[in-house]
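**Q** fold the following for me, if possible:
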Amino acid sequence: MRRGSVYGRRGQYPRQRRGGYGRQTLGRRGGGFRWKIMLVFAVGAAIYYFANQKEVPFTGRKQLRTMKPAAEMQLGLQSYQQILRDSQVQTRGPIVDKVREIGANIARAAANEDPGFQWEFNVIDSKQVNAFALPGGYTAVYTGIIPVAANENGLAAIMGHEVAHALARHGAERMAQQNMQRIVGAGVSLGAGGMDAGAQRAVMGVFGGISKYGFALPFSRSHESEADYIGLVLMARACYDPREAPRLWERMKQASGGGTPPEFQSTHPSPETRIADFKKNMPMAIEIYNQRCPNKIR
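**A** Numbering: from 1, shown residues only. I've put the predicted structure just below:
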């Protein structure tokens, strides 16, 4: 009877086990990554990228950019006005006069590459060690950075760098690159859509890591390096001694107290990298300086 009872269940139990267990496994594991969907989005991202290539002034680098200059400048003006409303703006004094003088000289030095900016230069009373230039030439210097600038050449290096970001249209390029990342991210998400929840999280986590450390952060650092180069050219054209640029970054390094993250984790190159790049490009800058400013001390 015991043997019979076992064989008596054999006709039903194994079939239920095969069918039920198979369905549970399929439900738990899901399908694999759908590469065809990913390929469609990758092709779309490539078309978007190559169809919207523009040239960066000064360097000739090709960049992805879709926003029209007028729209970009309008956004810059709106942001600038909001920042000024929310800040304590200095309207007179020697610092204001010097910032506006340097700004006007740098703007003249950029005349051939100027897309029609409405230049403005203001000083914001704040302890922030910061400065910025928005699309359209809307520029501000925070008083907290003045001691680090130390002199007018150092201030020109700071302002040249910030103006360079605006002239190189880095803001518009960043927005276009983010759009491309969203296209690729949507492809990855849909490609992983047939997988179980844990596998989807793993895939998106890997994509997020690659996107951040392999693309977004290096992309940001390349913008900073390009702005350093263009800013060096601008300050030399405007007859400010370019040799002050690496000295400025020695002071920046001291002001930070060494509390910067490793370069691969940062949006900015390390001070050491920036100083080395300035020194590499210094012969070019000195040549511009000597040609444009024959009365200056060489």
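
**Q** residues contacting the residue lying closest to Ala149 once chain neighbours are set aside?
**A** In this structure, Ala149 finds its nearest non-sequential neighbour in Leu155, 4.1 Å apart by CB to CB, 6 or more residues apart in numbering. For glycine as for every other residue, the C-beta is placed from the backbone atoms N, C-alpha and C. Contact analysis of Leu155 by CB atoms under 8 Å, 6 or more residues apart in numbering lists 98-99, 102, 141, 146, 149.

**Q** quick check: mean pLDDT of the helix or strand hosting Leu155?
**A** Using DSSP states H and E, the secondary-structure element containing Leu155 is helix 152-167. For helix 152-167, the mean pLDDT works out to 98.

**Q** and the residue nearest to Ala149, how far from Glu120?
**A** Relative to Glu120, Leu155 is positioned 17 Å away (CB to CB, to the nearest Å).

**Q** for the nearest residue to Ala109 once chain neighbours are set aside, give its distance to Gly160.
**A** Closest residue to Ala109 apart from its sequence neighbours, by CB to CB, 6+ apart: Arg237 at 3.7 Å. According to CB to CB, Arg237 and Gly160 sit 9 Å apart.

**Q** please identify which of those two sits among more neighbours.
**A** Per other CB atoms under 10 Å, whichever of Arg237 and Gly160 has more neighbours is Gly160, with 31 against 23.

**Q** where do the strands sit along the stretch 1-150 of the chain?
**A** 53-55, 62-64, 89-90, 120-124, 131-134, 138-142 (DSSP state E, counting those that start in this stretch).

**Q** for the ones you listed, which one sits closest to Ala45?
**A** strand 62-64 (10.3 Å; CB to CB).

**Q** from the rest of the structure, what touches stretch 238-258?
**A** With CB under 8 Å, 6+ apart, stretch 238-258 has contacts from 102, 105-106, 108-109, 129, 148-154, 156-158, 160, 228, 231-232, 235-236, 271-272, 274-275, 278-279, 282, 285-286, 288-289, 292-293, 296.

**Q** report the buried residues of it.
**A** Neighbour counts over stretch 238-258 (16 or more other CB atoms under 10 Å) mark 238-249, 251-253 as buried.

**Q** distance from it to the middle of the chain?
**A** Averaging C-alpha positions (CA atoms, centre = their mean, to the nearest Å) puts stretch 238-258 21 Å from its chain's average.

**Q** neighbours of Arg88, how many?
**A** You called it Arg, but residue 88 is Gln. For Gln88, using other CB under 10 Å, the count is 10.

**Q** Pro57 and Leu234, how far apart?
**A** Counting by CB to CB, the gap from Pro57 to Leu234 is 11 Å.

**Q** many thanks, have a good one.
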